[in-house]
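[1] curious how this folds, go ahead:
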Amino acid sequence: MQRIVDAEVPAQPGGEAGAADAPVPRVGARIRHARLMRGLSMRDLAVRVGCSVSALSKIEGQKANPSITMLHRICSALDTNMAALFTGGDGAAVVTRAGDRPVLLTDQVRRGEGVRLESLIPQGEAGLLQGNIHVIEPGGGSDHALQHAGEEMGYVIEGQLELTVDGASYLAAAGDSFFFRSDLAHSYRNPSDRVTRVIWINTPPTF
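    Okay, here's the model as predicted:
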């Protein structure tokens, strides 16, 4: 029997100062478009993802934000990735100004204020790299372990990051970096009482 995970978390505006001014992609609308292009009903996608139809409906309707893990499951089921949901652009931009980065808001069920991703690479599915700044609120993080193809590395700009890879946990502080194969089960959280910011790069952009 497939486990049904309900990821109904209310969508919230902005967050920190300046976040509301950044462009926020209509991820729900893009998920719906990708689903319809693949000829899937909402129930079909919900079964593949392992969530309720109600949760998926709220995500597509921009009434709820998916968790990081849920978003990854949706992308895998639709044979796409988060880079495509972020921008869908052609990667032509050389410099992206601080206030112009696309921002994706996600919330973790019972995991504090959750995670905000600021896209560093303005490209769609054709690129070889995917890069984001993970802004993780105290207690926020991935709600389950992730596994996908590729490799990833990161650099902690500020705060602390508890990273668990293949069952082993590591604590990274500002100035520390990390690297691991993405096919190893991995998860992360902010164990501190202050915001953590991490530059996170992975290739290929399967996440």
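[2] could you find the closest non-adjacent residue to the spatially most central residue of the chain?
    Residue closest to the mean C-alpha point of the chain, counted by CA atoms, centre = their mean, is residue 68 at 4.2 Å. Excluding its sequence neighbours, the residue lying closest to residue 68 (CB to CB, 6 or more residues apart in numbering) is residue 142, at 4.8 Å. Every residue, glycine included, has its C-beta placed from N, CA and C.
[3] can you check the pLDDT for that neighbour?
    In this model, residue 142 is scored at 86, pLDDT.
[4] hmm, it is touching residue 70, no?
    No: under the criterion of CB atoms under 8 Å, residue 142 makes no contact with residue 70, lying 10.2 Å away.
[5] which one's more surrounded, the two?
    Remark: of residue 142 and residue 70, residue 70 carries more neighbours, 26 against 21, as counted by other CB atoms under 10 Å.
[6] low pLDDT regions in the chain?
    Scanning the chain for pLDDT under 70 picks out the ranges 1-25, 83, 86-93, 105-113, 122-127, 206-207.
[7] before we move on, the earlier item: ok, now how distant is the residue nearest to residue 68 from residue 120?
    Going from residue 142 to residue 120 by CB to CB, to the nearest Å gives 19 Å.
[8] again, but for residue 158
    16 Å.
[9] out of these two, which sits in the busier spot?
    residue 120 (16 against 13).
[10] for the closest residue to the more buried one other than its chain neighbours, which residues are in contact?
    By the measure of CB to CB, 6+ apart, the closest residue to residue 120 outside its immediate chain neighbours is residue 131, 3.8 Å from it. Neighbour list for residue 131: 119, 120, 121, 199, 200, 201, 202 [criterion: CB atoms under 8 Å, 6 or more residues apart in numbering].
[11] with the residues you listed in mind, which one is nearest to residue 50?
    residue 202 (22.7 Å; CB to CB).
[12] now do the same for the closest one: helix, strand or coil?
    What DSSP: H, G, I helix; E, B strand; the rest coil gives for residue 202 is strand.
[13] okay, it and residue 164: tell me how far apart.
    16 Å.
[14] now do residue 155
    Applying CB to CB to residue 155 and residue 164 gives a distance of 18 Å.
[15] could you report the neighbour count for residue 79?
    Neighbours around residue 79, by other CB under 10 Å: 9.
[16] quickly find the element holding it.
    Secondary structure assignment for residue 79, by DSSP states H and E: no helix or strand.
[17] now the closest residue to it other than its chain neighbours: how far from residue 31?
    Of all residues not flanking residue 79 in the chain, residue 38 sits nearest, at 7.4 Å (CB to CB, 6+ apart). Applying CB to CB, the value for residue 38 to residue 31 is 11 Å.
[18] what do you get for residue 74?
    6 Å.
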